[in-house]
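*Asks:* Sharing a sequence plus its predicted fold:
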There are 2 protein chains.
Amino acid sequence: MSAFLPRGRHLLADFHGVAAACLGDVAAIEALLRTAADAAGATPVAGHFHPFGPGLGVTGVLLLQESHISIHTWPEHGFAAVDVFMCGAARPERAVQVIAAALCPVSVNCRDMPRGQSPSPT
Amino acid sequence: MSAFLPRGRHLLADFHGVAAACLGDVAAIEALLRTAADAAGATPVAGHFHPFGPGLGVTGVLLLQESHISIHTWPEHGFAAVDVFMCGAARPERAVQVIAAALCPVSVNCRDMPRGQSPSPT
């Protein structure tokens, strides 16, 4: 087993105060996440986006060679929870910037969490 | 827009020192995440699991009514990065326990992050 540890950054971005119209259109949300992945320099390997029904939210994920981008939306509360988890040379903050520019939230709570960097005990 | 805010817990679990044989079998990993979701009281709505090829890792996600469970594995480094993000009454720590019991890691770094709890400015 290699002593090298995979290293990644996982951005947890909570978007508050988003217009409901931005949060229920499953095709638009999938297109937005694909644009965000491209902006970050990441490569999708698969995607799945699930609408919960008229007036309700969307849950979806873009699986990447570098890990994933996910989104869960609540149009009725103007809220979206986005994760951007990327390993390697990709730039996750660029994906968050693209999503923020499209959703125009009143506020964003974005936390930048390191992944894979705690060595195993020897 | 409702003043109520969705609340969830997002567990970021990094598993170190896992046997490679546990980290490359895409069917076994999907079955494990489905068992973990059930243990947490969560309901899958879709899943997608992608193998990167012989001897390489798996990236996958189970989309839930309550949000998602994702996994990214590196058999060559004995490492798996797992997310368990659940809203409502589900118990994400139970999913992490199920996954840990199956992967038998040497160590786990698990962080419990609240989601959706920062109110928008008024």
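*Replies:* That came in fine, so what should we check first? Numbering: from 1, shown residues only, chains lettered A, B, ... in the order given.
*Asks:* ok, residues contacting the longest helix along chain A?
*Replies:* Secondary structure of chain A per DSSP state H: the longest helix is helix A:26-40. For helix A:26-40, the external contacting residues (CB atoms under 8 Å, 6 or more residues apart in numbering or on different chains) are A:22-23, A:43-44, A:47, A:49-51, A:58, A:60, A:62, A:64, A:69, A:71, A:73, A:84, A:86, A:90-99, A:102. Where you see a C-beta, it was placed from the backbone N, CA and C, and this is true even at glycine.
*Asks:* Can you tell me how far A:Ala27 is from chain B?
*Replies:* A:Ala27 sits 16 Å away from chain B, taking CB to the nearest CB, to the nearest Å as the criterion.
*Asks:* if we can go back for a sec, output the contacting helices and strands for the next helix or strand after the longest helix of chain A.
*Replies:* The element immediately downstream of helix A:26-40 (helix or strand, assigned by DSSP states H and E) is strand A:44-51. Here strand A:44-51 touches helix A:26-40, strand A:58-64, strand B:44-51, strand B:58-64, going by 3 or more CB pairs under 8 Å, 6 or more residues apart in numbering or on different chains; DSSP states H and E.
*Asks:* angle of the first one against strand A:58-64?
*Replies:* Computed with axes from the mean of the first three to the mean of the last three CA atoms, to 10 degrees, the direction of helix A:26-40 lies at 30 degrees from that of strand A:58-64.
*Asks:* next one: the third one
*Replies:* Taking the same axes, to 10 degrees, strand B:44-51 and strand A:58-64 form an angle of 0 degrees between their directions.
*Asks:* Same question for strand B:44-51: list its buried residues.
*Replies:* Of the residues in strand B:44-51, B:Pro44, B:Gly47, B:His48, B:Phe49, B:His50, B:Pro51 count as buried by neighbour count, 16 or more other CB atoms under 10 Å in any protein chain shown.
*Asks:* Cool, thanks, talk later.
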